[in-house]
Each structure stands twice: as structure tokens, then as C-alpha cells.
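In: quick one, structure for this:
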Amino acid sequence: MKARIFIVAILFAAAGEVMAARLEVIEITSAKLRRNPLGDPATRRLAVFIPDDAKDAARVPLVVYLPGWGGSSEDAIAQGAGAWFGQVVDQLAARGLPVRIAVVDGRSRYGGSQFLNSAATGDYADYVADEIIPALTKGGAAVCIIAGHSSGAYGALMLAMSHHEKFTAVVALSPDSDFDTTHKALVEQPSVRAVTPAELDAAMAPPKTARLPADGTARLIMGLCANYAPTTGQPGRFDWLYDAAGHWRADTWQRWLALDPLTLVRQKPDAFAPTQRVYLDGAEHDEFGANIGAAKIHALLRERKAPVTFYESPGHHSDRLPERLVRGLAWASEKPESK
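Out: Residues are numbered from 1 along each chain as shown. Prediction:
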């Protein structure tokens with residue numbers, strides 16, 4: 001792994017006053033992603049937002065943020081002074097909670113990532129845990145929190161469960177969970193059922209010849225299948241949810257459910273470490289029903305007396321993300337907002 005750092009000063013206007021944050025753009029050439037089967041880039045950039053007055057940034061508590069499907073650190077870098085992560089850093093610093101927020105690029109051929117290790121996409125979990133974390137904690141961060149939204153919140157939950165020692169807390173905003181609620185309606189869409197074997201072969205073809213369907217839902221479900229159901233012994237390929245005659249494949253769906261955070265929490269009393277703080281959030285009018293699974297996970301963990309909370313925010317799936325992240329990080333840092 002090789003890393004290069006570029007520093008950019010950025011200013012934010014909030015509530016009539018100017019607040020400062022610093023943006024470091026860190027370029028990492030990943031050994032974990034170098035031989036990914038889709039030919040996706042191994043060199044990626046992190047957008048790291050840091051309190052401007054931080055004298056030793058490496059010792060400021062670290063938040064690794066995983067964007068939702070299709071999102072990326074590149075969005076934050078392109079927005080510059082308009083990137084809302086810097087505003088979150090400023091708001092928390094003003095409350096005496098300085099943090100760094102590192103925004104990850106987990107995009108793949110299919111548009112996004114669930115931040116899993118998959119033989120059909122690449123080792124994105126290892127990329128985060130074994131490369132990004134060490135690159136950002138050479139000086140020793142006192143706290144490392146994993147956070148994310150939607151697909152990124154799914155990845156945050158999965159990484160927190162598989163790396164107890166790396167993450168003191170997880171902040172999951174509208175996470176993919178309870179797949180019978182969040183995913184089943186999508187996989188039953190006509191455009192998904194209509195995908196042909198030839199279209200699947202074209203999508204899984206070598207990098208220079210691969211072709212994806214025009215329909216966005218079909219592309220998304222292909223990407224999710226690539227994460228949840230990679231074909232054994234065939235890198236770059238995945239098992240589809242319908243056979244060549246269009247019949248539902250229950251065995252493939254069971255592979256999806258086996259990687260549902262709700263399933264894992266139900267099956268594993270020690271899914272999270274006793275000391276890990278778990279912040280779950282879902283929007284009141286979430287169009288995908290992500291609030292339902294988050295509430296179910298909260299109920300299970302609460303029964304186990306785990307340090308967990310659930311907040312149902314106003315609005316829809318992707319509404320009010322800055323204020324939701326501020327609220328979650330404040331709670332994860334053991335200084336929750338008053339109700």
C-alpha cells in the first residue's frame with residue numbers, strides 16, 4: 001500500500017459566521033484491491049476533514065465514513081467548501097468533540113459497494129480495516145468510529161461486528177438490514193425479473209468488454225448479488241436470483257439473508273463487543289423501510305443490555321444527513337444530545 005497526502009484549506013459559512021476546517025486528500029494505492037476481478041481502480045482517494053486548529057491530526061479521534069451506494073470521497077473532494085462533512089466537523093468541535101472524518105471511495109463497476117470481501121468484486125472490507133485504518137492512525141488515534149449511510153451503514157455494521165478491536169462505536173444511518181423489508185421489493189421489480197442470462201454474462205465480462213443494463217434497479221441488484229452471492233471458484237461472477245426460465249432461486253436469496261445484519265445479530269449474542277456503542281437511525285418516512293430493520297436490531301441489542309440507541313429522524317431515507325451524523329457521533333462519543 002502506498003499513500004500520498006494533499007492538504008487543502010477550506011472555509012464554511014454557517015449561521016452567519018465563518019468556521020474553518022482542513023481537508024486532506026490522501027491517495028492510497030491498495031494492495032487489497034490491486035487484483036480485484038472487475039478491473040476497478042486500486043488507487044483511490046480519501047477525503048479527510050480535520051478541525052483546523054488540530055495540532056496533531058493523527059491523534060484526533062477518527063471517524064471512517066462509508067457513503068451510500070454510488071457515493072464516494074470524490075463527491076466530497078469535488079464539492080470543496082460545500083462539502084457538508086466539514087460542517088459536521090466544525091459543529092462537533094464547537095461542542096468539545098473534535099473528530100476527523102475520513103470519507104471512503106468504495107465504488108465498483110456496478111456503482112457502489114457493501115464494503116464486504118467478495119470474490120465477485122474485491123476485498124473492500126480488508127481495504128477499509130487493513131489499509132485505510134493504519135494509514136490514518138500512525139500516530140495512534142484515541143478513538144476510531146465506523147459510520148455510514150444506507151449501503152455504507154450496512155458496511156459499517158458488518159465491519160464493527162467483524163473487527164471489535166478496531167472500532168469503539170458504529171453509527172449506522174438508514175442501514176440496509178431486514179432484507180425481507182429493504183431488499184425484497186427491489187429484487188421483485190419487473191426490470192430485475194426480466195434480466196436475461198446474456199445480460200448477466202455481459203455484465204460479468206472482462207473489464208474492456210463488460211456491458212451493464214440501462215435500468216438502474218437491475219444494475220443495483222447485480223451489484224448486490226456480486227456482494228452477497230459470489231459464484232464459488234469463479235472470480236468476478238455471481239449467482240443470480242432467478243434461473244434461466246425466470247424462476248425464483250430461494251437458495252440464492254438465503255445467501256443474501258445470511259449476510260443480513262439483522263440475521264447476524266439474531267444468531268450471534270456476541271455480534272458486537274460489550275463495550276462497542278451502537279447508534280442506529282432510520283428516517284420516519286424511509287422509502288426503503290430501513291428504519292424497520294434498524295429498530296429491530298435496536299430491540300435485540302437493548303434486550304441484551306448493550307450500549308445501543310435508536311433515533312427515528314424526520315423525513316426520508318437520505319434527508320438531513322449532516323444533522324443525523326452529528327447526533328450519532330455525539331452519542332457515540334458518549335456525549336449524547338439532550339432530547
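In: pull the residues that contact stretch 199-217.
Out: Applying CB atoms under 8 Å, 6 or more residues apart in numbering, the contact partners of stretch 199-217 are 38-39, 109-110, 120, 186, 189, 191-192, 195, 218-219, 222, 236-238, 240. Where C-beta positions appear, they are placed from N, C-alpha and C, glycine not excepted.
In: which helix or strand contains the most centrally placed residue in the chain?
Out: By CA atoms, centre = their mean, the chain has its centre lying nearest to Gly152, at 1.5 Å. Following DSSP states H and E, one finds Gly152 within helix 151-162.
In: now do Val64
Out: Per DSSP H and E: strand 62-66 holds Val64.
In: identify the residues contacting that strand?
Out: Looking at what lies outside strand 62-66 - CB under 8 Å, 6+ apart - the contacts are 85, 99-104, 106, 113, 115, 128, 132-133, 136-137, 141, 143-149, 151-153, 155-156, 171, 325, 329.
In: and the residues you listed, which of them are in helices?
Out: Among the contacts of strand 62-66, the members falling in helices (DSSP state H) are 85, 133, 136, 151-153, 155-156, 325, 329.
In: hmm, back to that, how near is the residue nearest to the centre of the chain to Leu329?
Out: Going from Gly152 to Leu329 by CB to CB, to the nearest Å gives 14 Å.
In: go on, Ala21?
Out: With distances taken as CB to CB, Ala21 is found 15 Å from Leu329.
In: what's the answer for Gly96, then?
Out: Gly96 is 13 Å from Leu329, by CB to CB.
In: that older thread, in the helix holding Gly152, what's buried?
Out: 151-161 (16 or more other CB atoms under 10 Å).
In: report the rounded mean pLDDT for that helix.
Out: Averaged across helix 151-162, pLDDT comes to 98.
In: and for stretch 135-142?
Out: 72.
In: next: stretch 49-61.
Out: On average, stretch 49-61 scores 89.
In: now do stretch 225-239
Out: 98.
In: got the contact list for it?
Out: 37-38, 108, 110, 113-114, 116, 118-121, 204, 222, 240-241, 249, 252, 255-256, 259.
In: give me the buried entries from the residues you listed.
Out: For the contacts of stretch 225-239, buried by 16+ other CB under 10 Å: 37-38, 108, 110, 113-114, 116, 118-121, 204, 222, 240-241, 252, 255-256, 259.
In: follow-up on the earlier one: next up, the contacts around the residue nearest to the centre of the chain.
Out: By CB under 8 Å, 6+ apart, Gly152 lies in contact with 65-68, 71, 104, 106, 115.
In: how about a cut-off of 6 Å?
Out: Gly152 makes contacts with 66-68, as judged by CB atoms under 6 Å, 6 or more residues apart in numbering.
In: give me the number of residues near Lys32?
Out: 21 (other CB atoms under 10 Å).
In: now Ala198
Out: Ala198, neighbours per other CB under 10 Å, totals 8.
In: let me see the ranges of the helices in the stretch 151-300 of the chain.
Out: Secondary structure of the stretch 151-300 of the chain, counting by DSSP state H, counting those that start in this stretch: helices at 151-162, 179-182, 184-187, 190-193, 197-203, 216-228, 250-258, 261-267, 290-303.
In: show me what counts as buried in the fourth one.
Out: The neighbour-count criterion (16+ other CB under 10 Å) identifies Val192 as the buried residues of helix 190-193.
In: can you name every helix or strand that that helix contacts?
Out: Applying 3 or more CB pairs under 6 Å, 6 or more residues apart in numbering; DSSP states H and E, one finds that helix 190-193 contacts helix 216-228.
In: okay, buried residues for stretch 22-40 please.
Out: By 16+ other CB under 10 Å, the buried positions in stretch 22-40 come out as 22-26, 28, 30, 32-33, 36-38, 40.
In: and what of stretch 235-255?
Out: Neighbour count says stretch 235-255 has 236-242, 252-253, 255 buried, by 16+ other CB under 10 Å.
In: any chance of the residues you listed in JSON lines with distance to Arg59 as columns?
Out: Shown next, in JSON lines, are those (distance: CB to CB, whole Å):
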{"residue": "Gly236", "distance to Arg59": "41"}
{"residue": "Arg237", "distance to Arg59": "44"}
{"residue": "Phe238", "distance to Arg59": "42"}
{"residue": "Asp239", "distance to Arg59": "45"}
{"residue": "Trp240", "distance to Arg59": "48"}
{"residue": "Leu241", "distance to Arg59": "47"}
{"residue": "Tyr242", "distance to Arg59": "51"}
{"residue": "Thr252", "distance to Arg59": "46"}
{"residue": "Trp253", "distance to Arg59": "46"}
{"residue": "Arg255", "distance to Arg59": "42"}
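In: now the two most distant members of the residues you listed.
Out: Spatial extent of those (CB to CB) is set by the pair Gly236 and Trp253 at 21.5 Å.
In: returning to what we had before: dump the contacts of Gly152 to CSV, plus neighbour count, distance to Thr263 and pLDDT.
Out: What follows is the contacts of Gly152, written out as CSV (neighbours: other CB atoms under 10 Å; distance: CB to CB, whole Å; pLDDT from 0 to 100):
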residue, neighbour count, distance to Thr263, pLDDT
Leu66, 30, 20, 98
Pro67, 26, 24, 98
Gly68, 22, 21, 97
